[in-house]
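Enquirer: Got a predicted structure here, sequence first:
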Amino acid sequence: MLQFLALFGLALGAIVMDLRDRRIPNRLTVAGLVAGLITGALMEGGLPLAAVAGAGLAFLIGFPLVAIGAFGAGDAKLLAAVGTFVGPGGLLSVLIYGALAGGVLAVANAMRRKALLGVTVNMKNMLLHWVTLGRRGQEISLKSPGAQTIPYALPIAAGALLTWFFPFSVGGLL
């Protein structure tokens, strides 16, 4: 119960701050990381290996996305903090649920701004650029002029909370 309350507090704080300021402050992500490590140690009865592995894997996934401009640094740090709560086994679930929630939020945001066609064309160009290693398409990132962005703490939090209640494993998908 303590672990869930800490994860819920992290998720709620990140959502509020990202919606309000479009930033997720370090003080929140560091506090979440520490809370995840402490509750992980209590749950494991010693060294929180699963929590450390979850944060490490989230770091390995999140920061390359920051480097290519697909993710904000606060989002990557939030993902690492969430990784301490779900461990490496739950991270795939967080990412899939989060991607689905992020897709719904992105479509809703584009429709609200009456920019669905433009966002769809940009997404096609960006994916084409990635798949062809820059030979076709267009390089688009969060820093591109006129980029349509969403506060991604909400999808990460949704992914984390859905994973808490409805986890799945890689073996369950095959």
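Expert: Sure thing, it's come through. From a predicted model like this one, the values you see are computed outputs, not experimental measurements. Numbering: from 1, shown residues only.

Enquirer: Let's test this: mean pLDDT of stretch 136-155, rounded?
Expert: On average, the pLDDT along stretch 136-155 is 75.

Enquirer: and for the helix or strand in which Val52 is found, what are the contacting residues?
Expert: In the assignment (DSSP states H and E), Val52 maps to helix 49-67. Helix 49-67 is contacted by residues 33, 36-37, 39-41, 44, 71-73, 75-77, 79-91, 95 when judged by CB atoms under 8 Å, 6 or more residues apart in numbering. To be clear about C-beta, it is placed using only N, CA and C from the backbone, and glycine gets the same treatment.

Enquirer: quick check: mean pLDDT across it?
Expert: Mean predicted lDDT for helix 49-67 stands at 93.

Enquirer: and the helix or strand just after that helix, what other elements does it pack with?
Expert: Sequence order places helix 73-112 as the next helix or strand after helix 49-67, per DSSP H and E. Other elements packing on helix 73-112 under the criterion 3 or more CB pairs under 8 Å, 6 or more residues apart in numbering; DSSP states H and E are helix 2-21, helix 26-44, helix 49-67, helix 116-131, helix 153-165.

Enquirer: picking up where we left off before, kindly calculate the angle that the helix holding Val52 makes with helix 73-112.
Expert: Interaxial angle, helix 49-67 versus helix 73-112 (axes from the mean of the first three to the mean of the last three CA atoms, to 10 degrees): 60 degrees.

Enquirer: Please spell out which residues along helix 49-67 are buried.
Expert: Buried residues in helix 49-67, counted by 16 or more other CB atoms under 10 Å: Ala50, Ala51, Val52, Ala53, Gly54, Ala55, Leu57, Ala58, Ile61, Gly62, Val66.

Enquirer: so what's the fifth one closest to, chain neighbours aside?
Expert: In other words, Gly54. Of all residues not flanking Gly54 in the chain, Gly83 sits nearest, at 3.5 Å (CB to CB, 6 or more residues apart in numbering).

Enquirer: Quick check on the contacts of helix 49-67: which are buried?
Expert: Among the contacts of helix 49-67, those scoring as buried are 33, 36-37, 39-40, 71-73, 75-77, 79-91, 95 (criterion: 16+ other CB under 10 Å).

Enquirer: All set now, cheers.
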